[in-house]
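In: Predicted model and sequence below, questions to follow.
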Amino acid sequence: MKRVSWFIVTVILLLSLCGCGGELERPALEDMAMIGVMGFDYVDREKINVTVSVPVPARNKETTQVYSTNASMTSEAMLNLATKADRTMSLSQLRVILFSEEYARKVGIGKVILDLYRNPIVGENVYIAVVQGKAKDVIKGTYNHRPEINTYLNSLLRPRVETAFSSFATIHDFVFMMTSNTMDPNLPYLIHVNGEIQIFKAALFRVDRMIGFYSQREGKMVQGFLGRERLPRMSFEFQHVTKTGKKQTERVVFDFVRAKTKVRSEGSLKKPVIHIDLRVRGMLVGYSGSKDLEKRAQFRTLVQELEKRIKKESMEMLLRFQKQGVDPAQLEESIRQKYHGKWTRETGLALYKKAKFNVKVHVDIVGFGTLK
């Protein structure tokens, strides 16, 4: 009976205490500084410069506030920036993360990405890019006839067919690529020229550190090897010598309708061979040359020229990647499927560096555009 009485008394006391504590007031939405873009620049081995962009809604035109600080880690930077802003800073609306090329090469972006990846406030659709020069200059830049920087960069870095030569990676995508045992990451590389930001190349990484670039053209083939069905247009130029010794230039613009790739490996682990079968269907949207494409023989000759050129460029690209010891096309996966035993990235790279490539290309032209 005494236990029941004590229990009742305890419950009454707890209920009476409810509401005695001070209520923690949450800031209203208009009191929040929603960070849209974060930029990271190299200072030294211990310090980074962090710049953030905060949109400020206005009646006539949306403006932007920019804050910057030096810190040793992302969380410290957020503490420093919070004392500079007139509102409560939040990462809940973060959409773009920029890294300077110097920082990506000298330090690597893995630590920063993992810090933000583990932050529950940061959303999933946050895109990452590397910039030429300083990220701070890109965020503070003035752009012709463009919306404010947060909207501009968020729209620019969203995947589109025209810019599908690079992996438009979110934080989650990059963590997946960085921790993969069969591939290396790549990110869009931005340049700031004539009041505009352009996706110029693809930045190539080894784990989390940038080691180089590959061109838009190479990026289209990499995306094809990765299994992307819809690729951007490609232009081709062929030089021919006529019977009279005169040079003729033939130009072709090919619009990919569908691409399909099969990658498999065979042979012993001492001499692995990676077979790549690339089949593309598309429209010949532009042609300038002396061939009469209504004639079957000349049409077939053009198709064979396209197949040879794509194969040649693919082989040159793959051999360069192999020499650099990077695999953005995830070709190591075909070797891993045949491997017995514990697989590590070091094992995959060792086999990848010894592999021979056998590339087959089949082009199917299903329609025509402008012929000249």
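Out: Perfect, I can see it now. What you see is a predicted model, and the numbers here were worked out from it, not measured in a lab.
In: How about exporting stretch 85-104 as CSV, limited to the C-alpha atoms?
Out: Provided in CSV are the C-alpha atoms of stretch 85-104 (Å, rounded to 0.1, in the frame of the first residue of the first chain):
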residue,chain,number,x,y,z
ALA,A,85,25.4,36.7,-39.4
ASP,A,86,22.4,38.8,-38.2
ARG,A,87,20.2,35.6,-38.4
THR,A,88,20.5,32.0,-37.2
MET,A,89,22.5,30.0,-39.8
SER,A,90,21.2,26.7,-41.1
LEU,A,91,22.4,24.1,-43.5
SER,A,92,19.0,22.6,-44.1
GLN,A,93,18.7,24.3,-47.5
LEU,A,94,22.3,23.7,-48.7
ARG,A,95,22.3,22.8,-52.4
VAL,A,96,25.8,23.2,-53.8
ILE,A,97,29.3,22.6,-52.4
LEU,A,98,32.3,24.1,-54.3
PHE,A,99,36.0,23.1,-53.8
SER,A,100,38.9,25.0,-55.3
GLU,A,101,41.2,23.0,-57.5
GLU,A,102,44.1,23.7,-55.2
TYR,A,103,42.3,22.4,-52.1
ALA,A,104,41.0,19.3,-54.0
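In: Burial check on M210, number of neighbours?
Out: Other residues near M210 number 24, with proximity taken as other C-beta atoms under 10 Å. In this view, the C-beta of every residue, glycine as well, is placed from N, C-alpha and C.
In: so it is in which element?
Out: Element membership for M210, per DSSP states H and E: strand 209-214.
In: ok, residues contacting that strand?
Out: Strand 209-214 is contacted by residues 101, 104-105, 107-110, 130, 186, 189, 201-205, 222, 317, 324, 326, 328 when judged by C-beta atoms under 8 Å, 6 or more residues apart in numbering.
In: partners of that strand in the sheet?
Out: Using DSSP bridges, the strands paired with strand 209-214 are strand 196-206 (antiparallel).
In: show me what contacts G141?
Out: 149, 192, 195, 197.
In: Now do stretch 279-289, average pLDDT.
Out: The predicted model gives stretch 279-289 an average pLDDT of 88.
In: Which residues does it contact?
Out: Against stretch 279-289 from outside (C-beta under 8 Å, 6+ apart): 224, 231, 233, 235, 238, 248-261, 293, 310, 361-372.
In: Out of those, list just those in helices.
Out: Members of these lying in helices (criterion: DSSP state H): 224, 310.
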